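> next comes the sequence, and after it the predicted model I'd like to discuss.
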Amino acid sequence: MRGFALAAGVILAASSSGWAASGHQHGHGGGHGAGHGASQDQAAQPYAGMEQRPIKALSPEEIAGLRDGQGLGMALPAELNGYPGPRHVLDMADDLALSPHQRHQTGEAFAEMKARAADLGVAVIEAERGLDRLFAAGTADQAAIDEATAKVASLRGRLRATHLGYHLLMRQILTAQQVSTYNRLRGYRVE
């Protein structure tokens, strides 16, 4: 049972960062509760319509982002603590006065990150699809759930570590002044 709780916690933590980052909130603090003009029916039915999704735990936007190798908020611990992301560095190349060598290194890092993240993203989608099928087919039991959620959690962890690792790499490519400029231009107060 402890394994189930751990796996469920990891999955919730991993998916909630992408979910919240993409603006999908429900109920608690999401502006949809009583006092914000929402009816009682809306409050009682926060998942209404989601049962039509091909993979219940993933929105169409999340599926597209995972397939495309997008960060989906997974690298926020790095990004918001002064570890720039390769895509944003490329977008800001002129403002950061990247050298030709830095542009090349960053471009290679971004392409590699995107490819690896897309491969892992597809694996996450398929693992979530497998978990969904257990319940759709009525074959879910505790052993199957433990196995399926451990697989999802492992893949999501690897995906997040991939994104975070490329933020770490950018600190090796950029100068301290460029990192400081990046943070300032992105609106971060990071020392």
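On my side now, so go ahead. Numbers count the residues shown, from 1 in each chain.
> show me how far stretch 138-151 is from its chain's centre.
In terms of Cα atoms, centre = their mean, to the nearest Å, the centre of stretch 138-151 is found 23 Å from the chain centre.
> got the buried residues for that stretch?
Residues 145-146, 148-151 are the ones in stretch 138-151 that count as buried (16 or more other Cβ atoms under 10 Å). No exception for glycine: its C-beta is placed from N, CA and C like everyone else's.
> pipe those residues into TSV and attach distance to residue 68, pLDDT and secondary structure per row.
Below are the buried residues of stretch 138-151 laid out as TSV (distance: Cβ to Cβ, whole Å; pLDDT from 0 to 100; DSSP: H, G, I helix; E, B strand; the rest coil):
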residue	distance to residue 68	pLDDT	secondary structure
145	29	98	helix
146	30	98	helix
148	24	98	helix
149	25	98	helix
150	26	98	helix
151	22	98	helix
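> of those residues, which is the nearest to residue 127?
Closest to residue 127 out of the buried residues of stretch 138-151 is residue 151 (4.8 Å), distances taken as Cβ to Cβ.
> now residue 94: phi and psi?
Backbone geometry at residue 94, expressed as degrees, to the nearest 10, gives phi -70, psi -40.
> and it, how many neighbours?
Using other Cβ atoms under 10 Å, the number of residues around residue 94 comes to 8.
> do you know the pLDDT at it?
Residue 94 carries a pLDDT value of 98.
> quick check: it vs residue 122, distance?
33 Å (Cβ to Cβ, to the nearest Å).
> please enumerate the helices of the chain.
Assigned by DSSP state H, the helices in the chain fall at 2-21, 40-44, 60-68, 76-79, 86-91, 100-136, 142-173, 176-186.
> mind checking those helices for the one nearest to residue 52?
helix 60-68 (10.8 Å).
> what packs against that closest one?
Here helix 60-68 touches helix 2-21, helix 100-136, going by 3 or more Cβ pairs under 8 Å, 6 or more residues apart in numbering; DSSP states H and E.
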